[in-house]
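Compute the structure for the input listed below.
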Amino acid sequence: MNITRNAGANILQDESAKPNVAQPSSESLLIVDDNPDNRDMLARRLKRAGYGVAEAENGPDALRLIAEQNFTLVLLDIMMPGMSGIEVLKTVRTEHSPSKLPVIMVSALTESNEVAEALNLGANDYITKPLDFPVAIARIKMQVTRKRSEEAIRKSEERYALAAKGANEGLWDWDIAANHIEYSPEWKAILGYENDSIGDSTEAWFSRIHEEDRIRVESDLSSSLADKQQSQFVSEYRIQHKSRDYRWAVSRATIVRSPEGAPIRIVGSLTDITKTKAFDTLTGLPNRLLFVEDLSDVVRDCASKPLKRFALLFLDLDRFKIVNDSLGHVIGDRLLEQVSRRLEGSIRLSKEREKPDKVARFGLARFGGDEFAILLSEIKDPNDAVLVAMRVLDRIRAPFQLDNREVFINVSIGIAIGDSLYESPTEILRDADTAMYRAKSAGGGRYHVFDEAMRTDAQERLELENDLRQAIQNRELTPFFQPKVELKTGNVIGFEVLLRWHHPKFGEISPGKFIPIAEETGLIVPIGAWVLEQACHKIQQWQNKFTIDPPLTMAVNVSVKQLLHPEFLATVRRVLAETAIPPSSLSLEITESVVFQESANVIHILDSLKELGIHLEVDDFGTGYSSLNRLDRYPFDSIKIDRSFVARMGTDKRSEDIIQGIVSLAKMLHLGLVAEGIEDGKNAELLASIGCTHGQGYYFSKAIAANEIELELEKHQSSGTWQPGKVLSDRP
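Below is the predicted model:
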């Protein structure tokens, strides 16, 4: 039996199949409709479904009941005489629980404009007349369930907020759709900030996460949000305190999802777990975080006592990576443990001695990797710190017994003397680190005390680093090209690209000054890719313009950091494809240290380059590691004799013998030879006589700009040869 009418008529479709009677419910629904038949029929159906029901025949009655009672949901007819359903909805949303009370509009099929207006005003859903009762019940149930969940979350948050306040946890609430986060005062206090000093953006949180942890945290969070079955998120990471130190923290959160599973909100906490992460698991020593806290206390204490002095020693093991790579990480870890015990012994000695380096307090920490720090919290004289450093050097030099073998290692130590001028631990750590690098650059196995001149150098270095980041965009970096020649004829066979930097403030910057900065900062990767592109495009132009047989070649220096970068092979393939030069025209000069890195990854990369047809050279051969017994394992084509040996030819018999040995080795391994740094004709002739085939250096030509190269090639194209040693008059 069907009972239907227009907007004012009965709204129900009576069905022979009645829904199952639900269990009694505490949910209370309000039906608002001017037609009593509609209200009666709908009320009976809802009661059978287990809901409590109240009725209102007009808008004013509905608003009165809403004000007096706590309803779970309102079913509101749009078209009613007097006060319409739209007007009732406006009042509910502005005066009566505007965000908590779900409202479902009931409309005729012809009232789509009114439905749209109602949804814009905050209606949660709508159903159309005549009602399909199973659909209506399903929509009512969905809204009731949502309201119940939101109330449960609210109560849970209230309980959790009280518990978190007692446990010193900070809360955060992220509205994902609006990308808005609210941070509790406790959250901000954990990071050392006042309540109003951090904004409501996600960047306020993520920008403070340590750079080594941020990608992981963001990835874990994205994965948790994307997984519809995931309702929890937990992550540990380091986060920066207002003091600039890093604290260990854990975030725990609950993800709130829509009925479709989309994340709409995530609510969580932040807990400072620094104390539980304070000790290094391998050595048992305090870690960096705990050490910096102690250092902060000493710096603050010294600030109020102008006559007090303390010292910070920053230690880095020399060539530890070689031990680790050659003997394995297990042996490397055992070495670090033994180093830690010897350092502890050195500190105990300094504490027990009455003179001259007795200290009131001391601290020792492992900073990570092969770095350690020693804090002498009160010293009488800077020489006290020097005596501790000398004792450490002496104890570390003694051989370590590891798996029935003796392992020798040294340590570089930077010393910074603390006084009331230091305002933060970061400042003195920076100075001690600077002094340590000075000791390491002097050969390692020694100490260096920080002074103001080093601070000036460090500041200039930082300025250069910042400027280097802009150098490519500002067109300050320029590729220059040094000819490579055949020693017997002097004919040019190709070029090596060498980078030059004309700084707008400092003028010409030596590559020996800015290339190490590029290496340390990782800028060598984008700079190296740019140099490779420039060099390959230039040799493409010269090969097309100048008919020389065999075609001119181009050599490009590649650092280990570039070689091991995940995008390196793809970059080389792309540049070769763009320029269409024969791969054999490209020579990659790779420093000798890569030979010592007996890594499957290195071998794979070198083999891949060789498969492309690229020429591979070992650069600076003879200056680095004992790599002769490893050289045949790598697909190199030639060896480049380091300029230091060439420069001593004629005055140092040992250097000549080394060169003769390298030549013999190259012949045995069927490798080509290039000598660099040739500065006079006598050395060029001597090298040619002992079997070295190619060379470069100021005797032939300095590195010159591309336009000068082209002028010389054009000048001598008719003769088919260019002998720069006989052409360039400006050779130093």
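
Now find how far off-centre whatever helix or strand Leu312 lives in is within its chain.
Leu312 is located in strand 310-318, with elements delineated by DSSP states H and E. Distance of strand 310-318 from the chain centroid (C-alpha atoms, centre = their mean, to the nearest Å) equals 26 Å.

Who does that strand pair with, and is each partner parallel or antiparallel?
In the sheet, strand 310-318 lines up against strand 371-376 (antiparallel), strand 410-418 (antiparallel) (DSSP bridges).

how about the longest one as CSV, C-alpha atoms only?
Output of strand 410-418 as CSV, limited to C-alpha atoms (Å, rounded to 0.1, in the frame of the first residue of the first chain):
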residue,chain,number,x,y,z
ASN,A,410,95.3,8.2,15.9
VAL,A,411,93.0,10.9,17.0
SER,A,412,92.7,14.6,16.2
ILE,A,413,91.7,16.9,19.1
GLY,A,414,90.4,20.4,19.0
ILE,A,415,90.6,22.4,22.3
ALA,A,416,88.4,25.4,23.1
ILE,A,417,89.0,27.3,26.4
GLY,A,418,85.7,28.5,27.8
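
immediately after it, which helix or strand?
Defined by DSSP H and E, the subsequent element after strand 410-418 is helix 425-441.

Rounded mean pLDDT for that following helix, please.
The average of the pLDDT scores along helix 425-441 is 91.

which element follows the strand holding Leu312 toward the C-terminus?
helix 320-327.

So which elements touch that next one?
Contact here means 3 or more C-beta pairs under 8 Å, 6 or more residues apart in numbering; DSSP states H and E; on that basis helix 320-327 packs against helix 329-352, helix 593-596. Just so you know, the C-beta spots here come from the backbone N, C-alpha and C atoms, and that holds for glycine as well.

Buried residues, that helix. List them.
320, 323-324, 327 (16 or more other C-beta atoms under 10 Å).

which one among those gets closest to Cys302?
Nearest to Cys302, judged by C-beta to C-beta, of these is Phe320 at 32.2 Å.

Spatially, what comes nearest to that closest one if we skip its sequence neighbours?
Excluding its sequence neighbours, the residue lying closest to Phe320 (C-beta to C-beta, 6 or more residues apart in numbering) is Asp370, at 4.0 Å.

ok, now Gly445?
Gly445's closest residue in space is Asn410 (C-beta to C-beta, 6+ apart), at 3.5 Å.

returning to what we had before: and which of the buried residues of helix 320-327 is nearest Asn287?
Phe320 (18.0 Å).

quick one: buried residues of stretch 475-485?
The neighbour-count check on stretch 475-485 (16+ other C-beta under 10 Å) flags 476-477, 479-485 as buried.

Just the ones in helices from these, please.
Judged by DSSP state H, the buried residues of stretch 475-485 include no members of helices.

The residues you listed into JSON lines, with extra columns for pLDDT?
Below are these laid out as JSON lines (pLDDT from 0 to 100):
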{"residue": "Glu476", "pLDDT": "89"}
{"residue": "Leu477", "pLDDT": "93"}
{"residue": "Pro479", "pLDDT": "95"}
{"residue": "Phe480", "pLDDT": "96"}
{"residue": "Phe481", "pLDDT": "96"}
{"residue": "Gln482", "pLDDT": "95"}
{"residue": "Pro483", "pLDDT": "94"}
{"residue": "Lys484", "pLDDT": "94"}
{"residue": "Val485", "pLDDT": "93"}
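
Low-confidence stretches in the stretch 201-350 of the chain?
The stretch 201-350 of the chain contains residues with pLDDT under 70 at 348-350.
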